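>>> coordinates only, sequence not included:
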Ligand SMILES: O=C[C@H](O)COP(=O)(O)O
């Protein structure tokens, strides 16, 4: 993350927990309550570091009720949305429904959607646009698999996904967008891309946004890293200048561990 002379962050850090297909609606409420209590005890400043959770769809109404009832500062979002607004699309969820549930964000093109559900760049671009249509901020996920990493074409591959995902967006939308770099080989495997790998890709994504839009957009778009993030590696990754946040999977299911990731600043090594 980049800080200005007064110590404030240039872009507000964004720490997000993707629960994936874990936590039914009862378990989800308990997890969120424990997270909120832990952060409250630690006097977490939500104005300084934004905290988001991405529960399964079936948990969202309960999460909304808890967030509203207890006036929590945690924001939340869906793990996917339809590229369509309504109609005969069995099993799909409209961005309008997410908006109505108070979702601030929605994941688009998570690697598990790209691989297991074969979602194409074209469909993902339509989903990004659908999210904006319904005033839900998309978190566009990009990243390479192991073979591409080993072939050394990971930057080119990931930038191609980025270009396809943001095609047709306005500069204003691109500045609001969040992009998550997730090397697929580092997801849920315990393999962590090093902070320098996260920085290499985030810098490349930012440079590409400057080409596709302009420098002002590139300076505003928040870029996340995701892949086996834990409390013990979060601070080092967040210390990289172009990394503005973390998309956390497994470790977000443990409220104490996730709260420690959110509080990465307390683990920063100072000279
Ligand atoms: O959405 C989160 C990423 O897929 C990372 O998952 P992970 O932290 O379990 O590796």
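Cool, the structure landed. Note that the structure is a prediction, hence the values are computed from the model and not measured.
>>> Residue of the stretch 151-271 of the chain closest to the ligand, please.
The stretch 151-271 of the chain approaches the ligand most closely through residue 249 (2.3 Å), counting by Cβ to the nearest ligand atom. For every residue, glycine as well, the C-beta is placed using N, CA and C.
>>> correct me, but that residue touches residue 20?
Yes: the criterion here is Cβ atoms under 8 Å, and residue 249 meets it with residue 20 at 6.0 Å.
>>> Which one of the two is surrounded by more residues?
Higher neighbour count among residue 249 and residue 20: residue 249, with 22 against 18, using other Cβ atoms under 10 Å.
>>> Pull up the gap between the more buried one and residue 72, please.
Residue 249 is 22 Å from residue 72, where distance means Cβ to Cβ, to the nearest Å.
>>> How about the residues of the stretch 101-250 of the chain by the ligand?
For the stretch 101-250 of the chain, the contact set with the ligand under Cβ under 6 Å from any ligand atom comprises 110, 182, 187, 188, 226, 227, 228, 229, 247, 248, 249, 250.
>>> So in the chain, where's the weakest helix or strand by average pLDDT?
Least confident helix or strand, the chain: helix 146-151 with a mean of 92, by mean pLDDT, DSSP states H and E.
>>> Which stretches in this protein count as helices?
25-41, 60-69, 95-100, 111-116, 121-133, 146-151, 154-166, 171-176, 195-212, 215-220, 231-238, 255-262 (DSSP state H).
>>> What average pLDDT does the third one get?
The reference is to helix 95-100. Across helix 95-100, the average pLDDT comes to 98.
>>> now it, how far from the chain's geometric center?
In terms of Cα atoms, centre = their mean, to the nearest Å, the centre of helix 95-100 is set 18 Å apart from its chain centre.
>>> same question, the last one
Centroid displacement of helix 255-262 relative to its chain, using Cα atoms, centre = their mean, is 16 Å.
>>> Stretch 239-254 now?
Distance, stretch centre to chain centre, for stretch 239-254: 8 Å (Cα atoms, centre = their mean).
>>> Endpoints of that stretch, how far apart?
Stretch 239-254 has an end-to-end distance of 23 Å (Cα to Cα, to the nearest Å).
>>> which parts of that stretch are buried?
Buried residues in stretch 239-254, counted by 16 or more other Cβ atoms under 10 Å: 240, 242-254.
>>> could you dump those to CSV with pLDDT?
Below are the buried residues of stretch 239-254 laid out as CSV (pLDDT from 0 to 100):
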residue, pLDDT
240, 97
242, 97
243, 98
244, 98
245, 98
246, 98
247, 98
248, 98
249, 97
250, 97
251, 98
252, 98
253, 98
254, 98
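>>> List the ones among those residues that fall in strands.
245, 246, 247, 248 (DSSP state E).
>>> Residue 209 is in contact with residue 221, correct?
Yes: between residue 221 and residue 209 there is a contact at 5.5 Å, judged by Cβ under 8 Å.
>>> More neighbours: which of these two?
A direct count of neighbours by other Cβ under 10 Å for residue 221 and residue 209 places residue 209 higher, at 26 against 21.
>>> Could you check how far the closest residue to residue 17 other than its chain neighbours is from residue 181?
The spatially closest residue to residue 17, leaving aside those adjacent along the chain, is residue 252, at 2.7 Å (Cβ to Cβ, 6 or more residues apart in numbering). According to Cβ to Cβ, residue 252 and residue 181 sit 17 Å apart.
>>> can you check residue 247 too?
9 Å.
>>> and for the two, which residues touch both?
Common contacts of residue 247 and residue 181 (Cβ atoms under 8 Å, 6 or more residues apart in numbering): 224, 225, 226.
>>> Reformat those residues as CSV; add neighbour count.
Converted to CSV, the shared contacts of residue 247 and residue 181 look like this (neighbours: other Cβ atoms under 10 Å):
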residue, neighbour count
224, 25
225, 30
226, 26
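>>> Columns pLDDT on top of those, output as a markdown table?
Shown next, in a markdown table, are those (pLDDT from 0 to 100):
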| residue | pLDDT |
| --- | --- |
| 224 | 98 |
| 225 | 97 |
| 226 | 96 |
